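In: I need the structure of the sequence given here:
(one chain, ligands or ions: 1)
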Amino acid sequence: MSTPIALVGIGKIAQDQHVPAIGASEDWDLAATVSRHGNVPGVENFADLDSMLAARPDIGVVSLCLPPVPRFEYAAAALRAGRHVMLEKPPGATLAECHALQTMAAERGLTLYASWHSRAAGMVAPAKAWLADKSLKKMEIIWKEDIRRWHPGQDWILEAGGMGVFDPGINALSIVTEILPDPIHVAGAILHVPENRQAPIAAQVSFHHPTAQVTADLDFLQTGEQTWTIRAETDQGTMTLTFGGSRMHIDGVEQTGADPDPLNAEYPRLYRHMTGLVASGRSDVDLTPIVHVSDVFTLGRRVAAPPFDF
Ligand code: NAP
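Out: The predicted structure follows:
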């Protein structure tokens, strides 16, 4: 039997991934949407969350696909109304609001799932298994994409709280913090902030690690080939994750995974995990990636970059 679920914020990621993943799942029934401008054909849409919560007590689960800054009020309202909540990444605009949501969910016995879609990419688990018994010597994160291609017109990304290039960059950090056996923390960062914006359009970050040099090079202005690569040099060879964790090479030899189309399996995996969390009354909230982004914004040195317009 499928469980009714509501999707809130029918924008790019809801249309690209959430709607198809829910539609293909036997576990879930997309019973309502909440969106001021978007809709899903054949699904009842509400212009605001409170109206949906009042009109549809049968919907026990709400999945939030809004940008991070407005998301807290929506998540808090859904939890107050007794609904389980699934959050797109990043789980919030600040750490304190994520902690507040954790407390609210725990007090009410509700599930809160802070999803990290890149952790569900096909070769992340094999990469973690491979690194488990290696000694890391060097790790390079190279995350370079074209903001105009992937986030057309999304001004919120470069506003305060939008995280700028760390909106995609946090995906890399979600993978790194999943696959590395040892913890890392930010040691320094340079943030390139366009003169007419609030958030960085490029960044270089160095991390402290017990044995290795770990760096990240992030760029939102990459045209042509797009790069979502993590390269790990170890005492027993080099592992390279490419295409956001969906392909893996060991010493140049491609490793095969079980998924024929691993990138597209990310969101079905997230919703399968949500099914298990709700069924077992658990939450899953790992804030490690957003801790690092928060530290980058605390410690990073700002340098002016040319104005940016879409
Ligand atoms: P988006 O299309 O710009 O926004 C999603 C929806 O959020 C909008 O359609 C809008 O819905 C609602 N919204 C925007 N600003 C709002 C505000 N101030 N108050 C209330 N609602 C607001 O963004 P997106 O690309 O889908 O990204 C949403 C989240 O998904 C982000 O956290 C992002 O990091 C994550 N994500 C994005 C991608 C991607 O490739 N784009 C991939 C993975 C994850 P209505 O105006 O219709 O109400």
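In: so what pLDDT did the residue in the chain that the ligand sits nearest to get?
Out: For the chain, the residue closest to the ligand is residue 11, as judged by C-beta to the nearest ligand atom, at 2.3 Å. To be clear about C-beta, it is placed using only N, CA and C from the backbone, and glycine gets the same treatment. At residue 11, the pLDDT value in this model is 96.
In: give the contact list for it.
Out: 35, 38, 65, 66 (C-beta atoms under 8 Å, 6 or more residues apart in numbering).
In: reformat those as TSV; add neighbour count, distance to the ligand and secondary structure.
Out: Output for those, formatted as TSV (neighbours: other C-beta atoms under 10 Å; distance: C-beta to the nearest ligand atom, whole Å; DSSP: H, G, I helix; E, B strand; the rest coil):
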residue	neighbour count	distance to the ligand	secondary structure
35	19	4	coil
38	17	4	coil
65	26	5	coil
66	23	4	coil
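In: need the max-distance pair from those.
Out: Using C-beta to C-beta, the contacts of residue 11 span at most 11.4 Å, a distance reached by 38 and 66.
In: next one: the residue nearest to residue 13 when sequence neighbours are not counted from residue 58, what distance?
Out: In this structure, residue 13 finds its nearest non-sequential neighbour in residue 65, 5.4 Å apart by C-beta to C-beta, 6 or more residues apart in numbering. According to C-beta to C-beta, to the nearest Å, residue 65 stands 21 Å off from residue 58.
In: swap in residue 286?
Out: 30 Å.
In: more neighbours, the two?
Out: Ranked by neighbour count (other C-beta atoms under 10 Å), residue 286 and residue 58 place residue 286 first, with 14 against 9.
In: verify the assumption that the more buried one is located in a helix.
Out: No - using DSSP: H, G, I helix; E, B strand; the rest coil, the assignment for residue 286 is coil, not a helix.
In: contact partners for the nearest residue to residue 98 once chain neighbours are set aside?
Out: What sits nearest to residue 98 in space, not counting adjacent residues and going by C-beta to C-beta, 6+ apart, is residue 92, at 4.4 Å. For residue 92, the contacting residues are 68, 71, 72, 75, 98, 101, 290, by C-beta under 8 Å, 6+ apart.
In: what count of nearby residues applies to the closest residue to residue 8 other than its chain neighbours?
Out: Spatial nearest neighbour of residue 8, chain neighbours left out: residue 34 (4.3 Å); criterion: C-beta to C-beta, 6+ apart. Look at residue 34: counted by other C-beta under 10 Å, it has 26 neighbours.
In: torsion angles phi and psi at residue 34?
Out: Backbone torsions of residue 34, given as degrees, to the nearest 10, read phi -130, psi 110.
In: now the helices: where do they sit in the stretch 101-250 of the chain?
Out: 124-131, 147-150, 166-179 (DSSP state H, counting those that start in this stretch).
In: out of these, which is the most enclosed?
Out: helix 166-179 (a mean of 25; mean count of other C-beta atoms under 10 Å).
In: export that one as CSV, just CAs?
Out: Taking Å, rounded to 0.1, in the frame of the first residue of the first chain, the C-alpha atoms of helix 166-179 are listed here in CSV:
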residue,chain,number,x,y,z
PHE,A,166,28.7,25.7,-1.9
ASP,A,167,25.2,24.8,-3.0
PRO,A,168,26.7,22.2,-5.3
GLY,A,169,30.0,22.1,-3.3
ILE,A,170,28.1,20.7,-0.3
ASN,A,171,27.3,17.7,-2.4
ALA,A,172,31.0,17.0,-2.7
LEU,A,173,31.4,17.5,1.1
SER,A,174,28.5,15.1,1.7
ILE,A,175,30.4,12.4,-0.3
VAL,A,176,33.8,13.1,1.3
THR,A,177,32.4,13.0,4.8
GLU,A,178,30.7,9.7,3.9
ILE,A,179,33.7,7.9,2.4
